[in-house]
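Asker: Show me the folded form of this:
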Amino acid sequence: MDPIGTITKYYPFLEPEVRDIIDYVTREADDYREFVSLLGERVNIGKTRPVLAYLAVKHAMNTQQFDIVDGIAETHGDFAIVRPLIHMSSCLRGDREALGETLRAADKAILTGTDDWLTMEMHNIKLFAIAELANAHLKVPTIINEARRHLSNRDVLESLAFWVYWARGTALRTSGEHNDAVKAFQAALKIARSQEDPNEAAYALKDMAGVVKFSDLARALELYLEAADEFKALGNIWGSAAVLNSIGMLFTSISQYDDALECFSESIRLNESIRLIPTVPLLNLSWLYSDIGDGESAVEFARMGLNSSRVSHGDGSVVYSHANLAMAYALAVNDQFEEASRFLDTGLEAVVKVGSELDLMRYFLVRGLVEREKGDLEDAAHAFQRVLRSSERFGSPRYVITSLLRLAEIEISNYIEDSEPDHIKSATLYLSRIEQIAEEQNYPSVFVEVTMLKAELQRAKGLYEEARDTLREAVKICKSSGMDSLCSKVEARLARLDVDVGKPEIATEFVNLARDVVVPSKKTQEVLFKVLGCLVIFREGGFEVYARYSDDKLSSDPSLVSALISAVASFTQELREDAVGELHSIIHHDIAVLLEHGEYVTCALLADKDTYDARVLLRRFLERFEEDYGDDLLSFDGTLAPFRTADKIYELFLEDRQI
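Answerer: Just a heads-up that it's a prediction; the model follows:
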């Protein structure tokens, strides 16, 4: 085989005799897996140097050739630098106690004293064990600092710093700091490429894709496939299985269930081929079957995943949390709500222990689904609102749209129950937000699907002619965008519009349409906007209670502007007797007035354009304003003094843009 960086990156630190042995084995081998086998045989012949035994085990771990690891453990397991990897191999195979042994053995090897590069390797082992095997990302910064202290003034060791950047990326990903996580993975990838190490490059690509998927599914798939090629060429079966599982999750998110099923099944097969427990792909299969309504299969795979998670990861781990959530979802699909709630509560305990906001978002998604299946729509709505807030903070249109669709479903269900027009108003608002995202991100198919949902709302109100006009407009969009299959779907609905059906049937149609919406796998476009100012208007009377201008060109008296906005809002309500909802924007040339309405006040954001992100900031500002000044607003008598301290809220949300 030709030399590869996975082997040769250690050459600068090796004595000539050790390097000669490795060169000889490389020439004799046809590929990396055979290199691992031959090196393992050479080490087990008799006496050997600790560093050669370490490298043999290190390479065997890369290809999960555990028989070689076990053989060296018997003959040379007393070497301090070898012990951490031996314990790690046991951990990979389901021995939970071995994780602690791995960390303790690495610390012991460091304290015993060894070459600088081997000390760096011990730090790297700890980072991989904590970040990849334990998912204990809160502990990662401490170990990174230990490694950085060792790297200080040792430039020659920078070639071994891959796992420092990689571990930082995993910790940032878990905390939702996606941009910084990608930068960390890119730095790790740069080191791997400079050393021509395909194994480390594959890990960086795999985990970078795990962040990129939140904003650009197509690019994430490219990264996953590149990582899969690297792992496969190297013979890293565990890595290949992990990438297939991730690709399966990506396919599930865009409703390509057959492709996802194939990926999960192959991931399970690969794990089992090296005697590893396939907990995660088992759980993902359960999620897939729940999504498509096959409750029986969902429960079966959730139970398998739950049982294996106890063995492979232990109670309280993030994987155990996911197993409980998967079981809760599966049971809810099977109408076993009491049992589902029990597993959901257990899952929450584990999520709280892990401390990941992403996992907490997943919990609330399942909570909303369970409560929806139980018929508790109010609690379901609260849960989906939590998911919406988190997904807006992470900047993921796909999850934002999913949350908004679920909330719209709940509103239409409520409308069928009590015929209150406010539910139609809320559902329409949620759909309008999706339309805005679809326009900004150039998702014509999503825009058309949401247009069909709006037609269903008009149908529910008895506005058949308006619904017909809405669907005709959707047909035009389909034809202009070349979406023939979607056009046929819209035309079929247009043909059925005259069929007289009851509200329950309309609700069912709405829900089925909403669950068919698929967000395209393309890069998220950032739509820039400029904040010009903000007004807070007391709803009763239209009085201005707070104003702040950021643009020097704005000179109008805020109190007059507030009164004008209130007058326009009232006028639009009087234009039509059947008008529902409230005014949400006033657009004039290069200035947009975005309106969000709270319990006590209306907030008007002055911006250069109306964007979804601008509205998210405005809603956060409004929520915080009413939270901080609720008592003052409740007893408002015209005194503005209490609100003068609101500048800090304005600066936090509308200038620093913290959401």
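Asker: Kindly confirm my reading that residue 214 is in a strand.
Answerer: No: read with DSSP: H, G, I helix; E, B strand; the rest coil, residue 214 is coil and lies in no strand.
Asker: can you give me the strands for the stretch 401-550 of the chain?
Answerer: Assigned by DSSP state E, counting those that start in this stretch, the strands in the stretch 401-550 of the chain fall at 531-538, 544-549.
Asker: among these, which is the most enclosed?
Answerer: Highest mean neighbour count among the strands of the stretch 401-550 of the chain (mean count of other C-beta atoms under 10 Å): strand 531-538, with a mean of 23. No exception for glycine: its C-beta is placed from N, CA and C like everyone else's.
Asker: Reformat the strands of the stretch 401-550 of the chain as CSV; add distance to residue 404 and mean pLDDT.
Answerer: Below are those laid out as CSV (distance: least, C-beta to C-beta, whole Å; pLDDT from 0 to 100):
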stretch, distance to residue 404, mean pLDDT
strand 531-538, 23, 92
strand 544-549, 29, 91
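Asker: is it true that residue 596 lies in a strand?
Answerer: Yes: when three-state DSSP is applied, residue 596 is found to be in a strand.
Asker: Would you mind measuring from it to residue 411?
Answerer: Separation of residue 596 from residue 411 (C-beta to C-beta, to the nearest Å): 18 Å.
Asker: between those two, which one's more packed in?
Answerer: Shown here are residue 596 and residue 411; by other C-beta atoms under 10 Å, residue 411 has more neighbours (24 against 20).
Asker: Now for that one: which residues touch it?
Answerer: Counting by C-beta atoms under 8 Å, 6 or more residues apart in numbering, residue 411 makes contact with 423, 424, 426, 427, 430.
Asker: so how many other residues sit close to the first one?
Answerer: The criterion is other C-beta under 10 Å. On that basis, residue 423 has 22 neighbouring residues.
Asker: try the last one
Answerer: Other residues within reach of residue 430, judged by other C-beta under 10 Å, total 24.
Asker: same thing with the second one?
Answerer: Residue neighbour count, defined by other C-beta under 10 Å, stands at 20 for residue 424.
Asker: Correct me if wrong: it contacts residue 459.
Answerer: No: counting by C-beta atoms under 8 Å, residue 424 does not reach residue 459; the two are 11.0 Å apart.
Asker: Which neighbours do the two have in common?
Answerer: Shared contacts of residue 424 and residue 459 (C-beta under 8 Å, 6+ apart): none.
Asker: Just the pLDDT for residue 523.
Answerer: On pLDDT, residue 523 comes in at 60.
Asker: so where is this protein shaky, pLDDT-wise?
Answerer: Applying pLDDT under 70 to the chain flags the ranges 134-138, 255, 315-316, 350, 353-359, 394-396, 520-523, 571-581, 658-659.
Asker: just to revisit the earlier point, which one of the contacts of residue 411 sits closest to residue 87?
Answerer: residue 430 (51.4 Å; C-beta to C-beta).
Asker: I'd assumed residue 409 was in contact with that closest one.
Answerer: No: with contact defined as C-beta under 8 Å, residue 430 does not count as touching residue 409 (9.2 Å).
Asker: Give me the buried positions along stretch 446-462.
Answerer: Within stretch 446-462, the residues scored as buried using 16 or more other C-beta atoms under 10 Å are 446-461.
Asker: What's the local residue count around the nearest residue to residue 1 once chain neighbours are set aside?
Answerer: Nearest non-adjacent residue to residue 1, counting by C-beta to C-beta, 6 or more residues apart in numbering: residue 29, 5.0 Å away. Other residues near residue 29 come to 16 when the count uses other C-beta under 10 Å.
Asker: how about residue 29, phi and psi?
Answerer: Reported as degrees, to the nearest 10, the phi and psi values for residue 29 are phi -90, psi 150.
Asker: Tell me if I'm right that it and residue 40 touch.
Answerer: No: using C-beta under 8 Å, residue 29 makes no contact with residue 40, being 11.5 Å away.
Asker: before we move on, back to that, contacts only, for the residue nearest to residue 1.
Answerer: When contacts are counted by C-beta under 8 Å, 6+ apart, residue 29 is found next to 1, 35, 37, 38.
Asker: now do 7 Å
Answerer: Residue 29 makes contacts with 1, 35, 38, as judged by C-beta atoms under 7 Å, 6 or more residues apart in numbering.
Asker: Go through those and give me the one with the most neighbours.
Answerer: Neighbour counts for the contacts of residue 29 (other C-beta under 10 Å) peak at residue 35, which has 24 neighbours.
Asker: quick one: it and residue 582, what's the gap?
Answerer: 70 Å.
Asker: Can I get the host helix or strand of residue 18 as CSV, trimmed to CA atoms?
Answerer: Residue 18 belongs to helix 16-28 when assigned by DSSP states H and E. C-alpha atoms of helix 16-28 as CSV (Å, rounded to 0.1, in the frame of the first residue of the first chain):
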residue,chain,number,x,y,z
PRO,A,16,14.6,5.1,13.2
GLU,A,17,14.2,1.5,14.2
VAL,A,18,10.5,1.9,14.9
ARG,A,19,10.0,3.8,11.7
ASP,A,20,11.8,1.1,9.7
ILE,A,21,9.4,-1.6,11.1
ILE,A,22,6.3,0.5,10.1
ASP,A,23,7.8,1.2,6.6
TYR,A,24,8.3,-2.6,6.1
VAL,A,25,4.8,-3.5,7.2
THR,A,26,3.4,-0.7,4.9
ARG,A,27,5.2,-2.2,1.9
GLU,A,28,3.9,-5.7,2.7
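Asker: chain center to the helix or strand just after it, what's the gap?
Answerer: If you walk from helix 16-28 toward the C-terminus, the next helix or strand you reach (DSSP H and E) is helix 32-43. Centroid separation for helix 32-43 versus its chain: 39 Å, with C-alpha atoms, centre = their mean, to the nearest Å.
Asker: Mind giving me the packing neighbours of helix 32-43?
Answerer: Where contact means 3 or more C-beta pairs under 7 Å, 6 or more residues apart in numbering; DSSP states H and E, helix 32-43 is packed against helix 16-28, helix 50-62, helix 66-76.
Asker: at 10 Å what do you get?
Answerer: With contacts defined as 3 or more C-beta pairs under 10 Å, 6 or more residues apart in numbering; DSSP states H and E, helix 32-43 has these neighbours: helix 5-8, helix 16-28, helix 50-62, helix 66-76, helix 217-234.
Asker: what does the first one rub up against?
Answerer: For helix 5-8, the external contacting residues (C-beta atoms under 10 Å, 6 or more residues apart in numbering) are 1, 11, 14, 19, 22-23, 25-26, 32, 35-36, 39, 55, 58-59, 62, 159, 192-201, 234, 236.
Asker: give me the element the closest residue in space to residue 232 that isn't next to it in sequence is part of.
Answerer: Setting aside the residues directly before and after it, residue 232 is nearest to residue 240 in space (C-beta to C-beta, 6+ apart), at 5.5 Å. With elements taken from DSSP H and E, the one containing residue 240 is helix 237-253.
Asker: following that helix, which helix or strand comes up?
Answerer: Once helix 237-253 ends, the next helix or strand along the chain (criterion: DSSP H and E) is helix 257-273.
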